[in-house]
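J.: I would like the atomic coordinates for the input below:
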Amino acid sequence: MQKLFLLLLACGAALAAADERTVSSPIVIGFVGGFVAHDDTIHSEVQLANRLGADNPYLRVKIFENRRGDRAYREVLRLLDTDHDGELSAEEKHNARIAIYGHSWGASEGIALARALGRDRIPVMLTIQVDSVQKLGQDDEWIPANVKQAINYYQLDGILHGCSRIRAVDGARTKILGNFQCEYRRHPVRCPGYPWYARMLMRPHIEIESDPAVWTKVESLIRSTLAPVPAR
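T.: Modelled structure (predicted):
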């Protein structure tokens with residue numbers, strides 16, 4: 001009887017170890033816009049990443065400059081490789097729980113990252129675009145089929161403004177949560193810390209980036225989408 005008990009105990013430990021190797025923690029990838037540094041806390045994208053990382057130990061939060069899309073892609077693959085064998089198994093891909101967000105060029109880079117992950121058959125649970133400005137050679141309007149949910153916030157004033165409509169490549173696989181226009185002529189938003197030329201030349205573009213109402217919604221979506229799955 002004792003030998004049987006020890007055998008069952010060993011099997012249980014092996015299964016637990018296997019679960020630990022194959023179940024990855026949720027991943028949040030953020031991209032800043034323009035030529036912003038990834039650690040510039042003036043910007044709401046960086047502030048959000050810091051908040052999520054500070055009070056959600058179950059989340060792995062990384063933020064990148066929009067020119068670092070390749071680095072972000074490699075980091076996602078590394079985080080998903082729970083058994084550390086240098087390759088992603090079908091199970092490791094299936095278990096992926098990823099949310100991607102960004103502002104301006106960063107939003108465009110986020111969709112490019114989702115598309116690259118789709119080529120590897122890696123699902124993305126959520127993409128969020130805030131005043132998405134398409135980068136050269138990218139497509140920030142059509143959301144790839146590996147993305148389960150996508151949402152878009154934009155404004156149409158000023159010299160620089162975002163994509164007003166995102167659409168699903170495959171509507172049966174991707175749910176577009178909405179395209180929501182923000183307007184700041186009647187309800188301006190303070191943009192403390194931004195250089196004078198940004199406030200003068202592209203104020204609405206940085207107002208949406210500084211709008212606490214927008215980023216509260218972004219944060220709530222990420223938290224609810226990647227909330228811990230209750231144990232069975």
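J.: strands along this structure, start to end?
T.: Secondary structure of the chain (DSSP state E): strands located at 27-32, 60-65, 98-103, 124-130, 142-143, 147-154, 167-168, 175-181.
J.: how near is the residue nearest to R67 when sequence neighbours are not counted to K175?
T.: Among residues not flanking R67 along the chain, E109 sits closest, at 7.9 Å (C-beta to C-beta, 6 or more residues apart in numbering). Using the backbone N, CA and C atoms, a C-beta is placed for each residue, glycine as well. As judged by C-beta to C-beta, to the nearest Å, E109 and K175 stand 22 Å apart.
J.: can you check A90 too?
T.: From A90 to K175 the distance is 24 Å (C-beta to C-beta).
J.: now S44
T.: Counting by C-beta to C-beta, the gap from S44 to K175 is 25 Å.
J.: which of those two has more residues huddled nearby?
T.: Higher neighbour count among S44 and K175: S44, with 22 against 15, using other C-beta atoms under 10 Å.
J.: give the contact list for the nearest residue to the more buried one once chain neighbours are set aside.
T.: Spatially, and ignoring its direct neighbours in sequence, S44 is nearest to W215 (4.7 Å; C-beta to C-beta, 6+ apart). Contact analysis of W215 by C-beta atoms under 8 Å, 6 or more residues apart in numbering lists 44, 47-48.
J.: so where is the protein shaky, pLDDT-wise?
T.: 1-23, 230-232 (pLDDT under 70).
J.: can you tell me the centre-most residue of it?
T.: Nearest residue to the geometric centre of the chain (C-alpha atoms, centre = their mean): I100, 1.3 Å.
J.: what sits closest to it if chain neighbours are left out?
T.: Nearest to I100 is G110, by C-beta to C-beta, 6+ apart, at 4.3 Å.
J.: helices of this structure, residue ranges please.
T.: Secondary structure of the chain (DSSP state H): helices at 2-22, 44-55, 69-80, 90-94, 105-119, 196-201, 203-210, 212-225.
J.: quick check: I151 touching I176?
T.: Yes. Between I151 and I176 there is a contact at 7.5 Å, judged by C-beta atoms under 8 Å.
J.: of the two, who's got more company?
T.: In this view I151 and I176 are compared by other C-beta under 10 Å, and I151 has more residues nearby, 21 against 16.
J.: which ones are touching the nearest residue to the more buried one once chain neighbours are set aside?
T.: Among residues not flanking I151 along the chain, L177 sits closest, at 4.1 Å (C-beta to C-beta, 6+ apart). By C-beta under 8 Å, 6+ apart, L177 lies in contact with 149-151, 221.
J.: closest to P228 out of these?
T.: Nearest to P228 among the contacts of L177 is L221, at 16.0 Å by C-beta to C-beta.
J.: pretty sure that closest one sits against Q129.
T.: No. With contact defined as C-beta under 8 Å, L221 does not count as touching Q129 (11.9 Å).
J.: any residues in contact with both of those two?
T.: In contact with both L221 and Q129: I151, using C-beta under 8 Å, 6+ apart.
J.: who has more neighbours out of these two?
T.: Using other C-beta under 10 Å as the criterion, L221 and Q129 rank with Q129 on top: 29 against 17.
J.: for the strands of the chain, which one ends up most surrounded?
T.: strand 98-103 (a mean of 28; mean count of other C-beta atoms under 10 Å).
J.: the closest residue in space to P188 that isn't next to it in sequence: neighbour count?
T.: In space, and not counting its chain neighbours, P188 is closest to E207: 6.6 Å by C-beta to C-beta, 6+ apart. Neighbourhood size, E207 [other C-beta under 10 Å]: 25.
J.: what does G33 give?
T.: If we define neighbours as other C-beta under 10 Å, then G33 has 26 of them.
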